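1. I need the structure of the sequence given here:
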Amino acid sequence: MSRNQPKQQRRWNFLTALGLLALVAATVTADDAKTAKSVLLIAGAPDGHPPQTHEYVAGLKIVHDLLADQPGIALRTVVAHDDWKDGPELLDGTDAVVLFRSEGAKWCSAEAPRLAALKRLAERKGGFSVLHWGMGTRTAEPIAAFVALFGACHGGPDRKYRVLGTKLMPVAKDHPIIRGIGPITIRDEFYFALKQPTTQPAPQPLLQIEIDGEPQTVAWAWDRPDGGRSFGFSGLHFHEHWQTPEYRTLVKQGVLWTLPKP
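-> Numbers count the residues shown, from 1 in each chain. Reported below is the predicted structural model:
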């Protein structure tokens, strides 16, 4: 949402986006919810980027639609502000999260109860998925806590990113997340040289691009040491790319892969 739009128009757009959430919040019956795996889709409010970039609510509406036909999944979408007071309770009641918001890595550590609830989710072998700026922090302090949960972080004053036309190459063709996905030719903003945990096993690269002659990982999967799973993709700066079939398949299969096993 652009700062150049009239204030009334920006407010209408945001309220319209909020209205979409009422349509996607509940997707299973009460009986189904007792056995379903719950997925909490965490969107951010507009962050001042131009229209059709960083469209968090609209992007997670698409994620919701991609997952809605999967049996045994209960979906809930929320717009989580900086003072997300009911966040810890919601996190304690879910099996997996998908984070798509501004400076998500910083946001995860912004409130001690929020970070504690995320750590409890990891202890329950919960699933963690993150998209684009959801893995970001301008400062370095939140990096360690974030990579321990999600597997990689676009963080610190030395973080690297670039808008470029490129080809994404699958590098783990036998992994379930990229099943059926071949090379993807696209122009997008990618974060690269991501910070990763030092613990083993390390996150597994799924898709890489070449920047300055070096392969750079932009999508990964991580079998965490705590027994849970994490997935991330640093693209999806531009909202139009949700229409790219390979992107949609990647995100859908990534989120499903993170869900705790019975």
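2. any low-confidence regions in this structure?
-> Within the chain, the stretches with pLDDT under 70 are 1-34.
3. Quick test: name the residue nearest the centre of it.
-> Centre of the chain computed as the mean C-alpha position; nearest residue by C-alpha atoms, centre = their mean is Val130, 2.2 Å away.
4. who does that residue bridge with?
-> On the basis of DSSP bridges, Val130 is bridged to Leu99, Gly232.
5. Report the contact partners of it.
-> Val98, Leu99, Phe100, Gly104, Phe150, Ser230, Phe231, Gly232, Phe233 (C-beta atoms under 8 Å, 6 or more residues apart in numbering). Heads up, the C-betas are built off the backbone N, CA and C, glycines and all.
6. Next, format those residues as a markdown table and append neighbour count and distance to Pro215.
-> Output for the contacts of Val130, formatted as a markdown table (neighbours: other C-beta atoms under 10 Å; distance: C-beta to C-beta, whole Å):
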| residue | neighbour count | distance to Pro215 |
| --- | --- | --- |
| Val98 | 27 | 26 |
| Leu99 | 29 | 25 |
| Phe100 | 25 | 25 |
| Gly104 | 26 | 25 |
| Phe150 | 28 | 21 |
| Ser230 | 28 | 21 |
| Phe231 | 28 | 19 |
| Gly232 | 28 | 17 |
| Phe233 | 24 | 16 |
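7. show me where the stretch 51-200 of the chain has helices.
-> Taking DSSP state H, counting those that start in this stretch as the criterion, the stretch 51-200 of the chain contains helices spanning 56-67, 87-92, 104-109, 112-123, 143-150.
8. quick one: contacts of the first one?
-> With C-beta under 8 Å, 6+ apart as the test, helix 56-67 has contacts from 17-18, 20-21, 24, 27, 39, 41-47, 73, 75, 77, 79, 98, 100-102, 131, 236, 239, 242, 248, 251-252, 255-256.
9. Just the ones of these in strands?
-> Under the assignment DSSP state E, the contacts of helix 56-67 contribute Val39, Leu41, Ile42, Ala43, Ile73, Leu75, Thr77, Val79, Val98, Phe100, Leu131 to strands.
10. Can you tell me which of these has the most neighbours?
-> The most crowded member of those, judged by other C-beta atoms under 10 Å, is Leu41 (29 neighbours).
11. My read is that it contacts Ala74, right?
-> No: using C-beta atoms under 8 Å, Leu41 is not in contact with Ala74, being 11.3 Å away.
12. Would you enumerate the residues in contact with the residue nearest to Ile211 when sequence neighbours are not counted?
-> Closest residue to Ile211 apart from its sequence neighbours, by C-beta to C-beta, 6 or more residues apart in numbering: Phe192 at 5.9 Å. Going by C-beta under 8 Å, 6+ apart, Phe192 touches Lys160, Tyr161, Arg162, Ile209, Ile211, Gln216, Thr217, Val218, Ser234.
13. So which of the residues you listed belong to strands?
-> Lys160, Tyr161, Arg162, Ile209, Ile211, Gln216, Thr217, Val218.
14. Could you give me the PyMOL selection string for whichever of the contacts of Phe192 are buried?
-> Those of the contacts of Phe192 that count as buried under 16 or more other C-beta atoms under 10 Å are selected in PyMOL with:
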select buried, resi 161+209+211+216+217+218+234
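15. Go through the contacts of Phe192 and say which is closest to Ala112.
-> Ser234 (27.3 Å; C-beta to C-beta).
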